[in-house]
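Novice: Sequence first, then the predicted structure, then my questions.
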There are 2 protein chains.
Amino acid sequence: MKRRFYLNKKDLEEAISIYFKELKYYFSNDDVEIIHSRNAFNRVTGKPIFANENVPSYNSSAMDGVAVISKKTYGATESNPIILEKGKDFEYINTGFPIIQPYDAVIMIENVEILDETRIKIRNSVFPYKDVRKVGEDICVGEMLFPRYHTLTESDISFLLMAKVFEVPVIKKLKVLLIPTGNEIVEPEKKTEEFQIPETNSLMIKNYIEKFNAEVDVNEILPDDFEIIKNTIISKIENYDLILLNAGSSAGSKDFTYYAINEAGRVIIHGLNIKPGKPAILGIIKEKPIIGLPGFPVSCNIILEDIIKPLILKKSKMEIYYDNQFVNGISGKRIHSSITEKEYLRVGIGKVKNKYVAIPLKRGAANISAVSKQDGIVYIDKGIEVLEDGEKVKIQLKREKKLIDKNILIIGSHDLLIDLLADFVKIYDKDINIVSANVGSLGGIISIAKGYAHLAGMHLLDPETGKYNISYIKDYLDKFTLVNLSYREQGFIVQKGNPKNIKNFEDLTKNGIRYINRQKTAGTRILLDYYLGKNNISPENIHGYADEEYSHVNLALKIKKNMADVGLGIRAAAKIYDLDFIPVALERYDLLIHESFLNDERYNLVMKIITSEEFKKEAEKLGGYILKNTGEIL
Amino acid sequence: MKRRFYLNKKDLEEAISIYFKELKYYFSNDDVEIIHSRNAFNRVTGKPIFANENVPSYNSSAMDGVAVISKKTYGATESNPIILEKGKDFEYINTGFPIIQPYDAVIMIENVEILDETRIKIRNSVFPYKDVRKVGEDICVGEMLFPRYHTLTESDISFLLMAKVFEVPVIKKLKVLLIPTGNEIVEPEKKTEEFQIPETNSLMIKNYIEKFNAEVDVNEILPDDFEIIKNTIISKIENYDLILLNAGSSAGSKDFTYYAINEAGRVIIHGLNIKPGKPAILGIIKEKPIIGLPGFPVSCNIILEDIIKPLILKKSKMEIYYDNQFVNGISGKRIHSSITEKEYLRVGIGKVKNKYVAIPLKRGAANISAVSKQDGIVYIDKGIEVLEDGEKVKIQLKREKKLIDKNILIIGSHDLLIDLLADFVKIYDKDINIVSANVGSLGGIISIAKGYAHLAGMHLLDPETGKYNISYIKDYLDKFTLVNLSYREQGFIVQKGNPKNIKNFEDLTKNGIRYINRQKTAGTRILLDYYLGKNNISPENIHGYADEEYSHVNLALKIKKNMADVGLGIRAAAKIYDLDFIPVALERYDLLIHESFLNDERYNLVMKIITSEEFKKEAEKLGGYILKNTGEIL
């Protein structure tokens, strides 16, 4: 066998770039299997996952205390306590237990004065739903739990079970075959002769790779025989996703690896300009990677860390979570916190104009979605009552910093298309996460003006002009870029079959109609008020005008649960719950772009995705979305 | 059952401090088991581990190329090549293959011109052992592979097998029992009634804890029954190291956990000033921890991360490795690197006067000890020939930064007592690592003067005064603190039975005596030269004076392997290989302390350990150590 020299030694980065390009087909094809969610810890979602159950599934107490009828507490003060009677005005309740009508609020046990077996004294009045976990507070049926390519943590598994997702499509574990070669190699326990070399690399390689959830089979040790090595590779490649040979990767007279790989498939790279690690061989057989690892353990370790690990993570779409780093950032929102307790505030993070902006996720001890979505934690010390927006914070990261740097932060009015986008970006770059927060359309504009987000979603009707968004933005920004995401149908969401026969805004004032509204900052609220004004209807005449929900889906859920008869919302929300929908308006939903984001390649990616046919097709399936002008810059 | 309020809510840090103090007995008692090294990945050493075999176990080629007799290459240059003949002057050799006498060096294949079947032309002369991995280069029999409480990585397992350590004492895996409680709790798949609560915490807790190598058994769900909960705890505690109850930890009317724990054992803490997470209960039963975890998943997650994780790591002595952080530091040594390749330099790190000092570990593709001992990697870019000492470097950390901050960096002349110390410090604080490097006694003084180490070991005889260390130090430092570690016997290490009958320095010049020397910067070399001068012996008359080894143990090994007849070294090295020892001198081995380290609590710990009876006892077992003045400040 001829001796081979390293004729084309490459720098590591260049070698990886060339090699991974050649493996494009390999990386872009997922093998997905469906497994029970209980077994999915540390596995990677192969498809977007949607909730099958509301979390929580009923209104429940967030505290140990008493369930009360909120109206009966009105007027209670320190100096003017109110006495409540058991079975009539209140019931004792434990955390997590259902709140059943007529009860609609909870007073924590610490604030209750027990008078006797049947009576308590209270010194605080409570508003409806105080300390009540509302049905769907954390997530509603049909909402996206995770996009594809999300590595499931222990909390995520819990979240899946809560949302009644018992089966989950995940990327199959990579199957790796490791073939030790060499006449002189023996198992270390069996070494009897002085000059034998103990085979100690296989276990190192196996233990290393299995940290990334792959499965490694170790072949028997092959002799230095070109035909045997070549034929083994050819016969085994069908059953594996990656073959590793060790050693025989250098330029020695017995190094058959190069020739075996090149004859069974093709060698892409032989030799790297690194020390140790030089003798690596990167090859491809039947579109799958085959790699010759150097025999010396330190060289082998380097190739494992710098080539095998990124290759496995890229193929299996896995993320390794880290929690040991802190960054300085700013709060993207004003936060009230408890003065007597240190608060753990879970945050999503976006790096906007080189500042890490921390956006609070859902608070509350029960909202596990915040753990699933967290990029980090901001600790608000005891004694601090308010964290101002823009205030400096120290953030403990819960994901790798270089991945958080890739986050796209979208706040403002939330829309189901943002979730769809969050899934679609993964197809192009599994490492990009979309962090979204619902602060209403106006909140979104302010966030862009203050540099707290990359993008903001909005659908603000100007009652004077009947046009959308631009007049509002001009109050905050002189120059701006606004991109249309979609038009969407707004209308009355009503019970199936429209039993209350609601056809127009006048009908909302009819006797016995329970309306459910959106919060004050929501674009849909402004839309309602616009039509009420136009029709000369006073909000006072609408029963339930003061009852607010924070999203279209939560609003629709309330109607589904027969806690309201009608609400204004988008068609897609009605569709999720199989409710009826009476169209009222076609509104424009736009994305306002932070100027620093315009020259960012992630901006180009977002534009590419939203204007793609695949995205439009999926969006239209949701119902009520019209993407005729999507991507248009306004 | 009476309602309980949180009367003594505590801040988290205070609660942990109180609780862990109460668990002192628990933390200070290790359960150790012996397992096969192949199964020891991610396990923690329960005792210090020593090598049973030299690594490598014979002189072997570090390159693919030709094995040559170095003398026959002398004089070869670019313009004056030398022709070598196969079988007489050279043999082809592959990486890892044995170098057998008369061959003593290797020329890499790239530098060989093949003339025909039997002849090659070379244009470089090579010195003895060029590109030869010398026996014991990475570690010698009897040297410490790992101190106690070292978490074994995949490379460490490989290292154990190379060093023929097939059985390893490790800390037993923690056995954890998780008891879910609550009448209203059901398995999520079995939830049939609207107001049942799905039991989704257990799997989250189990998956979380098992990341730290503990084993979690999940008990059947217990009803809200004080007696049943209490009796289950009492009957199970014998078989577990930790019991967790979930939930029932708050102050609700059905929360029997508090009473059950307090009756079966005692509650130490109930309620924390954190949000979420407040309702945690920390208790002790039969000296073991029992913890009531809050039922809400986010609260539960916080108690897992901030109490359970540190508790488990403290008990199991486990370290979690991180590789995602970089720090700026300086090089503690001048390093020559390859101009054509990017070098991965494994380093130990010490934080000296707020600077991270990177000390290179053994280089070379085969020295896996460097991977085992690494705190980080310095990447020396292609094109850089020399990295100066004191030069700024960026270091990729391979361990958590806050642990690296605790490292004690000891350089200078290495001694076996430093390894002993490295093991002993673990008893007091498992998180302290001793990083040591052998740069010779003089190198140690210079390192302290430059701020490159916390401590330096030395045994430098001043030939003029016959005294140790101080006159040398004064050349570099005006003010200094020097502490005696030990006196130790230096002498002739010879074959068992002293077959060559060596009694004094004159005998070294006798015909047929092969001497093996220490490197020029070594204190033992200075000692030799001192005696040679005193006895008017010229180094030229000692055969092998130019052959150098870098440690006492490597020198003794060379004699054991019959590659030399005699060398000057310490008694402990002779003892390891069961060689004979003829005492020559009793020398003083001192530790020079960097001034910034004097006010450091780790300095006090080192002093406490070296002056303890336990340390002295273990040190004297090694042979030739006399600790009568240990800890004396000079």
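Specialist: Arrived safely, thanks for sending.
Novice: Tell me who's in contact with residue A:113.
Specialist: By Cβ atoms under 8 Å, 6 or more residues apart in numbering or on different chains, the contact set of residue A:113 is A:81, A:120-123. The way it works is simple: take the backbone N, C-alpha and C, and place the C-beta from them, glycine included.
Novice: Around residue A:184, how many other residues sit close by?
Specialist: Neighbours of residue A:184 under the rule other Cβ atoms under 10 Å in any protein chain shown: 16.
Novice: which stretches of the stretch 201-350 of chain A form helices?
Specialist: Secondary structure of the stretch 201-350 of chain A (DSSP state H, counting those that start in this stretch): helices at A:201-210, A:226-236, A:257-264, A:297-303, A:309-316.
Novice: Put the alpha carbons of the third one into CSV.
Specialist: The C-alpha coordinates for helix A:257-264 follow below in CSV (Å, rounded to 0.1, in the frame of the first residue of the first chain):
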residue,chain,number,x,y,z
THR,A,257,-8.9,3.9,6.4
TYR,A,258,-8.4,6.5,3.7
TYR,A,259,-8.5,4.0,0.9
ALA,A,260,-11.4,2.0,2.3
ILE,A,261,-13.5,5.2,2.7
ASN,A,262,-12.5,6.5,-0.7
GLU,A,263,-13.4,3.3,-2.4
ALA,A,264,-16.6,2.6,-0.6
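Novice: How about the residues of the stretch 101-250 of chain A by chain B?
Specialist: Applying Cβ under 8 Å from any Cβ of the partner chain, we find that the stretch 101-250 of chain A lies next to chain B at A:109-110, A:154-155, A:157-159, A:161-162, A:164, A:166, A:184, A:188-189, A:194-195, A:197-198, A:200-201, A:203-205, A:207-208, A:211, A:247, A:250.
Novice: Which entries within these meet the buried criterion?
Specialist: Buried residues within those, counting neighbours by 16 or more other Cβ atoms under 10 Å in any protein chain shown: A:109, A:154-155, A:157-159, A:161-162, A:164, A:184, A:188, A:197-198, A:200-201, A:203-205, A:207-208, A:247, A:250.
Novice: Looking at the residues you listed, which are in strands?
Specialist: Residues of those located in strands (DSSP state E): A:197-198.
Novice: Strands along the stretch 451-600 of chain A, start to end?
Specialist: A:455-458, A:481-494, A:515-518, A:548-549, A:566-570, A:580-593 (DSSP state E, counting those that start in this stretch).
Novice: want to try TSV for those, with mean pLDDT, mean neighbour count and distance to chain B as columns?
Specialist: What follows is those, written out as TSV (pLDDT from 0 to 100; neighbours: other Cβ atoms under 10 Å in any protein chain shown; distance: least, Cβ to the nearest Cβ, whole Å):
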stretch	mean pLDDT	mean neighbour count	distance to chain B
strand A:455-458	97	27	27
strand A:481-494	98	22	23
strand A:515-518	96	23	21
strand A:548-549	92	20	21
strand A:566-570	97	27	23
strand A:580-593	97	20	25
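Novice: Can you tell me which of these is nearest to residue B:327?
Specialist: strand A:455-458 (34.3 Å; Cβ to Cβ).
Novice: tell me which strands and helices that closest one is in contact with?
Specialist: Using 3 or more Cβ pairs under 8 Å, 6 or more residues apart in numbering or on different chains; DSSP states H and E as the contact test, the elements touching strand A:455-458 are strand A:408-412, helix A:440-450, strand A:580-593.
Novice: That strand pairs with which strands, parallel or anti?
Specialist: strand A:408-412 (parallel), strand A:580-593 (antiparallel) (DSSP bridges).
Novice: I would like the residues contacting it, please.
Specialist: A:408-415, A:418, A:441-442, A:444-445, A:447-448, A:469, A:472, A:485, A:523, A:589-594, A:597, A:606.
Novice: if we can go back for a sec, most neighbours, which of the contacts of residue A:113?
Specialist: residue A:120 (24 neighbours).
Novice: Isn't that one up against residue A:111?
Specialist: No - contact criterion Cβ atoms under 8 Å: residue A:120 and residue A:111 do not qualify, at 9.9 Å.
Novice: returning to that earlier point: out of the strands paired with strand A:455-458, flag the one nearest residue B:236.
Specialist: Of all the strands paired with strand A:455-458, strand A:408-412 comes closest under Cβ to Cβ, at 47.7 Å.
Novice: Report the mean confidence score over that closest one.
Specialist: Mean pLDDT, strand A:408-412: 97.
Novice: Return the set of buried residues in the helix or strand following it.
Specialist: Moving toward the C-terminus from strand A:408-412, the next helix or strand (DSSP states H and E) is helix A:416-428. Residues A:416-426 are the ones in helix A:416-428 that count as buried (16+ other Cβ under 10 Å).
Novice: Show the low-confidence segments of chain A, by residue range.
Specialist: A:1-8, A:248-254 (pLDDT under 70).
Novice: Going through the contacts of strand A:455-458, which ones are buried?
Specialist: With burial judged by 16+ other Cβ under 10 Å, the buried subset of the contacts of strand A:455-458 is A:408-415, A:418, A:441-442, A:444-445, A:447-448, A:469, A:472, A:485, A:523, A:589-594, A:597, A:606.
Novice: What's the end-to-end length of stretch A:190-206?
Specialist: 20 Å (Cα to Cα, to the nearest Å).
Novice: And the contacts of it?
Specialist: Residues contacting stretch A:190-206 (Cβ under 8 Å, 6+ apart): A:178, A:180, A:182, A:184-188, A:216, A:218, A:221, A:244, A:246-247, A:293, A:295, A:297, A:300-301, A:304, B:38, B:41, B:57-58, B:96-98, B:154-155, B:157-159, B:161-162.
Novice: are any of the residues you listed buried, and which?
Specialist: Here, 16+ other Cβ under 10 Å leaves A:178, A:180, A:182, A:184-186, A:188, A:216, A:218, A:221, A:244, A:246-247, A:293, A:295, A:297, A:300-301, A:304, B:38, B:41, B:57-58, B:96-98, B:154-155, B:157-159, B:161-162 buried among the contacts of stretch A:190-206.
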